[in-house]
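Enquirer: structure of the sequence below:
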Amino acid sequence: MSTQNRFRGLIAGTVLLLLMVVLALLAPAASAHNVSARDATFVESNKGSAIPAFMYLGAKHMVTGYDHLLFLVGVIFFLYRLKDVVQYVSLFTIGHSVTLLVGVLGGVRANPYLIDAVIGLSVVYKAFDNIDGFQHFFGFQPNTRAAALLFGLFHGFGLATKLQDFALSPNGLVTNIVSFNVGVEIGQVIALTFVLAVLTYWRTRPGFPRDAVATNGVLMACGFLLIGYQLSGYFLEV
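Expert: Below you'll find the model as predicted:
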């Protein structure tokens with residue numbers, strides 16, 4: 001991948017980034033809680049174990065959770081071996097499972113806007129790493145496995161902050177939260193299967209190296225958009 005192509009994609013992504021950040025700063029208070037009214041009503045009215053329902057909600061949240069999916073797309077973008085994909089995704093899974101369970105069952109709390117801003121930062125980090133930004137600008141390479149685990153902790157905490165807003169019944173709570181977490185993993189497998197199929201085909205195309213740089217530039221811009229969106233919500237709320 002030539003330096004010229006790398007920075008051509010980076011410039012394109014940066015332009016899009018600036019437009020998105022401006023829109024984010026002009027937007028009204030950002031919502032860090034993307035749970036539908038119907039799902040929220042069910043969660044708060046449920047008074048016992050509901051394994052299938054909470055598994056469904058977990059899977060739905062992951063499949064529709066664009067912030068989580070953007071990070072995972074970045075993580076597997078240049079992973080060509082299934083063994084590596086499983087390893088990195090497993091580290092991410094361990095991280096977000098721990099903080100999801102600890103956050104909800106242990107009552108550990110944090111401001112949801114700030115947690116979601118860190119999740120946006122995780123997208124920026126991975127896209128920047130994918131275009132060799134750390135090596136080129138700073139002369140070092142972060143431990144990518146440790147980063148997958150670390151950011152997994154924040155992603156799980158992000159899920160926890162969404163559930164903490166609801167008056168959850170203590171009856172069957174542990175079973176329901178574990179079921180939700182299992183559903184998240186199922187949704188993650190479904191989403192990544194589709195993403196891997198697309199990437200596998202795309203990598204056979206002659207223009208993939210050039211397009212990959214531009215795509216990661218856009219991915220980085222999306223991460224900055226998420227950061228700006230959540231921070232605007234945080235400061236407007238304060």
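Enquirer: rounded mean pLDDT for stretch 190-197, please.
Expert: For stretch 190-197, the mean pLDDT works out to 91.
Enquirer: can you point out the buried residues in that stretch?
Expert: When burial is assessed from 16 or more other C-beta atoms under 10 Å, stretch 190-197 yields the following buried residues: Ala191, Leu192. All C-beta spots, glycine's among them, are computed from the backbone N, C-alpha and C.
Enquirer: ok, and what's touching that stretch?
Expert: For stretch 190-197, the surrounding residues in contact (C-beta atoms under 8 Å, 6 or more residues apart in numbering) are Ala59, Met62, Val63, Leu69, Leu72, Val73, Ile76, Val85, Val89.
Enquirer: just give the nearest non-adjacent residue to the third one, would you?
Expert: Right, the one you point to is Val63. Gly187 (4.5 Å; C-beta to C-beta, 6 or more residues apart in numbering).
Enquirer: list the contacts for that neighbour?
Expert: Gly58, Ala59, Lys60, His61, Met62, Val63.
Enquirer: out of the residues you listed, which sit inside helices?
Expert: Gly58, Ala59, Lys60, His61, Met62, Val63 (DSSP state H).
Enquirer: please state the offset of stretch 42-57 from the chain centre?
Expert: Chain-centre distance of stretch 42-57: 23 Å, with C-alpha atoms, centre = their mean, to the nearest Å.
Enquirer: for that stretch, measure first residue to last.
Expert: Chord length of stretch 42-57, first to last residue, is 10 Å (C-alpha to C-alpha, to the nearest Å).
Enquirer: which parts of it are buried?
Expert: In stretch 42-57, counting by 16+ other C-beta under 10 Å, buried: Val43, Asn46, Ala50, Ala53, Phe54, Met55, Tyr56, Leu57.
Enquirer: ok, now stretch 85-103?
Expert: Buried-residue list, stretch 85-103, by 16+ other C-beta under 10 Å: 85, 88-89, 91-93, 95-101, 103.
Enquirer: okay if I get those residues as CSV plus distance to Gly233?
Expert: Listed next are the buried residues of stretch 85-103 as CSV, based on distance: C-beta to C-beta, whole Å:
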residue, distance to Gly233
Val85, 33
Tyr88, 30
Val89, 29
Leu91, 29
Phe92, 25
Thr93, 27
Gly95, 24
His96, 21
Ser97, 26
Val98, 26
Thr99, 21
Leu100, 21
Leu101, 26
Gly103, 19
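Enquirer: restricted to helices, list the residues you listed.
Expert: Reading helices off these with DSSP H, I get 85, 88-89, 91-93, 95-101, 103.
Enquirer: which stretches of the protein have low pLDDT?
Expert: 1-36, 238 (pLDDT under 70).
Enquirer: so the most centrally placed residue in the chain, which of the three states?
Expert: Per C-alpha atoms, centre = their mean, the C-alpha nearest to the average position across the chain is that of His68, at 1.9 Å. Of the three states, His68 takes helix under DSSP: H, G, I helix; E, B strand; the rest coil.
Enquirer: which single one of the contacts of Gly187 is nearest to Phe180?
Expert: Gly58 (4.0 Å; C-beta to C-beta).
Enquirer: nearest residue to that closest one other than its sequence neighbours?
Expert: Gly183 (2.5 Å).
Enquirer: cool, and Tyr80?
Expert: Tyr80 sits nearest to Arg203 (C-beta to C-beta, 6+ apart), 7.6 Å away.
Enquirer: so what's the residue count around that neighbour?
Expert: 13 (other C-beta atoms under 10 Å).
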